[in-house]
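*Asks:* please find the sequence and the predicted model below.
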Amino acid sequence: MLVYPQLGSGALSQFPVRRRRTLRTVANYTADGRAIKLPDPAGAVTEWSLQYAGLTDDEATALEQFFAAAEGT
């Protein structure tokens with residue numbers, strides 16, 4: 001099981017941390033032109049934007065190894 005690495009301070013990230021949630025709606029149009037719209041829970045995506053500065057070599061290596069183990073973004 002992959003676990004996101006902690007920094008030397010015990011924190012998981014540095015500020016600023018940004019989270020973006022994207023939802024998807026499925027639309028079905030009937031023959032008479034009416035639209036039926038429903039949410040698609042399986043199409044939801046959460047995107048995190050983390051920025052790091054002043055990391056030690058060990059911290060940077062741990063993050064790079066996690067990235068490789070998770071097979072990318």
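*Replies:* Ah, there it is.
*Asks:* report the central residue of this protein.
*Replies:* Geometric centre of the chain, nearest residue: residue 47, 3.1 Å, by CA atoms, centre = their mean.
*Asks:* okay, now the nearest residue to that residue once chain neighbours are set aside: neighbour count?
*Replies:* Excluding its sequence neighbours, the residue lying closest to residue 47 (CB to CB, 6 or more residues apart in numbering) is residue 20, at 4.6 Å. Where C-beta positions appear, they are placed from N, C-alpha and C, glycine not excepted. Residues within reach of residue 20, counting by other CB atoms under 10 Å, total 9.
*Asks:* run through the residues that contact residue 20.
*Replies:* Going by CB atoms under 8 Å, 6 or more residues apart in numbering, residue 20 touches 46, 47, 49.
*Asks:* export these to JSON lines and tack on pLDDT and distance to residue 58?
*Replies:* Output for these, formatted as JSON lines (pLDDT from 0 to 100; distance: CB to CB, whole Å):
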{"residue": "46", "pLDDT": "91", "distance to residue 58": "28"}
{"residue": "47", "pLDDT": "90", "distance to residue 58": "27"}
{"residue": "49", "pLDDT": "89", "distance to residue 58": "23"}
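*Asks:* out of those, list just those in strands.
*Replies:* Within the contacts of residue 20, residues falling in strands by DSSP state E are 46, 47, 49.
*Asks:* and the spatially most distant residue from the centre of the chain, how close does it get to residue 25?
*Replies:* The C-alpha centroid of the chain is most remote from residue 32, which lies 39.7 Å away (CA atoms, centre = their mean). The gap separating residue 32 from residue 25 is 20 Å, by CB to CB, to the nearest Å.
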